[in-house]
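>>> Structure of the sequence below:
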Amino acid sequence: MTNQPQILVAGILDTKGDEIKFLAERVTAAGGKATILELSVGHEVGWADIGVSQVVAKMGKTKEEIFALDRGQASDMIAAGAIKLADELLSAGQLDGIIAYGGSMGASIATRIMQSLPIGVPKFMLTTMASGDVSPYVGTRDICLMYPIAEAGLNKVTRQVLNNAAGAIIGMATAPKMENIEEKPLIGCMMFGVTTPCVLKASQYMEDKGYDVIINHAVGSGGRSMEELIRDGFIAGVLDITTHEIGDEMLGGVLGAGEDRMTAAGDMGIPQVVAPGGLDLINFGPRNTVPEKFIQETDQPGRGLYVHNPTVTCVGVSLEEIYRIGEHMAVKLNRAQGPSVLAIPMRGWGACDLAEADIELGWAGPGSGPVWVADPGQPQWSLRSVRYVEALRNSIDRNKENLEVILVDKHMNQPEFAVFMAELLSEMLEGRWKKGSHSHRPDIIPF
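Numbers count the residues shown, from 1 in each chain. Have a look, this model is predicted:
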């Protein structure tokens, strides 16, 4: 990076031209070199540093062809061309950050460009859409959103906001280099509130072994980010402790992470230790957002309703549903190219999945957890665990030497289970793991 950071200033210039010009001026005043990138979908203004003609030329199109399309199709083509152009600038060392200003259309185009750029490249989006659901704009990237008060117009309010934003992007692009920091192999880990004790214990074990750990929040975006980090080569091994996003995706919960969840590690051949953390729950928003079909079934074993807080309500996963989830996860694990273990704590999968109250494991009571399913034959085993294992026995490829299912007579949040998963991953990373090597442990149940 040069002493003068090179900043791409993007927007739809035929409607926000004055605002983008002012923003570029403030970027320059803050010490950067501003390059105005046009994303106009109506007509070309003719004064941009990089006009929309140059953008769509990257897609083999002319501006006349693009402007003849409806705005949605035109925006898709402009975004695709701008993504190519931004990648070329980055590769040439001519892009140190990007800032954009716009309404819904401008934000849609500009943030698609930002989402295409690597993590760490400064990205700043000014849009009134920042006051609502921002998930389409952020995606899984490190994009900073700022609410600019107004959609258009230069005045004593908006000038100050734009000036602040210009200072922010320059500050990001000129942040001091981090020195004397040892780069350690990075372990990916997924966490949710119900699995927090397990994740923190396992993570500490890996850090004590000399690894760094990145703990993603299993709320949908976290799982998608983890899959991308793995595919982008950041992750050396995975403690995929909290996999409930898979259940939400399959059963209509609000925290699904897409069909690709729990595929990247297997495809990339990196070591993975997986557990069914939180898979006893389907997650919804406030209580009135829970589908009526689930409410009508809350008298059934394991289908209990749990109001975590005013904005989060959970419903227990049924035995039929957990069987389908087991089959689904088996298909994904059967494809794994690298060392893979699915470790199942038979006494419960999270803080709400307990036979009796235990504050250390996350449930203060009184009584059992709200979604516990008792097994009359084995009171301390969840019947949901038993049904899940039945699905795996019928679906998992037992002939794969790189794949093992291990049943553990522990609860998810017991320290012994957390350490066991971390030990397995550590052995894999050191090339010492072998299928069946832990079958002698007294808490291991034959699969």
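>>> measure the nearest residue in space to Thr195 that is not next to it in sequence to Ala110 for me?
Among residues not flanking Thr195 along the chain, Gly277 sits closest, at 4.1 Å (Cβ to Cβ, 6 or more residues apart in numbering). (Glycine included, C-beta is placed from N, CA and C.) Applying Cβ to Cβ, to the nearest Å, the value for Gly277 to Ala110 is 36 Å.
>>> if we can go back for a sec, from Val373, how far off is the residue nearest to Thr195?
Taken as Cβ to Cβ, the span from Gly277 to Val373 is 17 Å.
>>> Equivalent analysis for Gln337, please.
34 Å.
>>> higher neighbour count, these two?
Neighbour totals were compared for Gln337 and Val373, and Val373 leads with 27 against 12 (other Cβ atoms under 10 Å).
>>> nearest residue to that one other than its sequence neighbours?
Gly302 is the one closest to Val373 (Cβ to Cβ, 6+ apart), at 3.7 Å.
>>> what sits against the one you found?
Shown in contact with Gly302 (Cβ atoms under 8 Å, 6 or more residues apart in numbering): 280, 316-319, 371-373, 383-384.
>>> Make JSON lines out of those and add pLDDT.
Shown next, in JSON lines, are the contacts of Gly302 (pLDDT from 0 to 100):
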{"residue": "Asp280", "pLDDT": "96"}
{"residue": "Gly316", "pLDDT": "95"}
{"residue": "Val317", "pLDDT": "96"}
{"residue": "Ser318", "pLDDT": "94"}
{"residue": "Leu319", "pLDDT": "93"}
{"residue": "Val371", "pLDDT": "90"}
{"residue": "Trp372", "pLDDT": "91"}
{"residue": "Val373", "pLDDT": "89"}
{"residue": "Leu383", "pLDDT": "92"}
{"residue": "Arg384", "pLDDT": "93"}
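>>> Mind checking which of the residues you listed are in helices?
Among the contacts of Gly302, the members falling in helices (DSSP state H) are 319, 383-384.
>>> Any of the residues you listed buried? List them.
Buried residues within those, counting neighbours by 16 or more other Cβ atoms under 10 Å: 319, 383-384.
>>> To what extent is the nearest residue to Gly120 once chain neighbours are set aside buried, counted in neighbours?
Once flanking residues are discounted, Gly120 sits nearest to Asp142: 7.2 Å by Cβ to Cβ, 6+ apart. Neighbours of Asp142 under the rule other Cβ under 10 Å: 16.
>>> hang on, Asp142 packs against Phe124?
No. Asp142 lies out of contact with Phe124 (Cβ atoms under 8 Å); the separation is 10.5 Å.
>>> before we move on, back to that, contacting residues for the residue nearest to Thr195?
Here Gly277 is in contact with 190, 192, 194-195, 198-199, 218, 241-244, 349-350, 412 (Cβ under 8 Å, 6+ apart).
>>> Now, the residues you listed that are in helices?
198-199, 244.
>>> Which member of those is positioned nearest Glu356?
Cys198 (18.3 Å; Cβ to Cβ).
>>> mind checking pLDDT for the closest one?
Looking at Cys198, its pLDDT reads 96.
>>> so what's it closest to, chain neighbours aside?
According to Cβ to Cβ, 6+ apart, the nearest residue to Cys198 is Ala418 (4.4 Å).
>>> per-residue confidence at that neighbour?
97.
>>> list the helices and strands the one helix or strand it maps to packs on?
Assigned by DSSP states H and E, Ala418 belongs to helix 415-429. Contact analysis of helix 415-429 by 3 or more Cβ pairs under 8 Å, 6 or more residues apart in numbering; DSSP states H and E lists helix 196-208, strand 237-242, strand 272-277, strand 340-345, strand 403-408 as its packing neighbours.
>>> Determine the angle, from 0 to 180 degrees, between that helix and strand 403-408.
Here the directions of helix 415-429 and strand 403-408 differ by 160 degrees (axes from the mean of the first three to the mean of the last three Cα atoms, to 10 degrees).
>>> I'd like to check what contacts helix 415-429. Which residues are they?
Here helix 415-429 has contacts from 185, 187, 197-199, 201-203, 205-206, 209, 211, 236-239, 241, 271-273, 275, 338-339, 341, 343, 345, 406, 408, 410-411, 433, 437-438, 443, using Cβ under 8 Å, 6+ apart.
>>> How about stretch 66-76?
Contacts of stretch 66-76 (Cβ under 8 Å, 6+ apart): 41-43, 52, 56, 77-78, 105, 108-109.
>>> which SS class is Ile98?
strand (DSSP: H, G, I helix; E, B strand; the rest coil).
>>> Grab the nearest non-local neighbour of it.
Ile98's closest residue in space is Leu8 (Cβ to Cβ, 6+ apart), at 4.3 Å.
>>> Just to be sure, the one you found is in a strand?
Yes. Leu8 sits within a strand when classified using three-state DSSP.
>>> gap between it and Leu354?
Leu8 is 52 Å from Leu354, by Cβ to Cβ.
>>> again, but for Gly369
Counting by Cβ to Cβ, the gap from Gly369 to Leu354 is 4 Å.
>>> again, but for Gly348
5 Å.
>>> anything in contact with each of these two?
Contacts common to Gly348 and Leu354, judged by Cβ under 8 Å, 6+ apart, are 361, 369, 372, 411.
>>> tell me the contacts of the first one?
Contacts here follow Cβ under 8 Å, 6+ apart; on that basis Leu361 touches 197, 348, 351, 354, 411-414.
>>> biggest helix in this protein, by residue count?
From DSSP H, the single longest helix across the chain is helix 71-91.
>>> The ones in helices among the contacts of Gly277 into a markdown table, with extra columns for distance to Arg26 and neighbour count?
A markdown table is the format used below for the ones in helices among the contacts of Gly277 (distance: Cβ to Cβ, whole Å; neighbours: other Cβ atoms under 10 Å):
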| residue | distance to Arg26 | neighbour count |
| --- | --- | --- |
| Cys198 | 48 | 33 |
| Val199 | 43 | 25 |
| His244 | 45 | 31 |
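>>> Out of those, flag the one nearest to Leu229.
Using Cβ to Cβ, the ones in helices among the contacts of Gly277 come closest to Leu229 at Val199, 16.4 Å.
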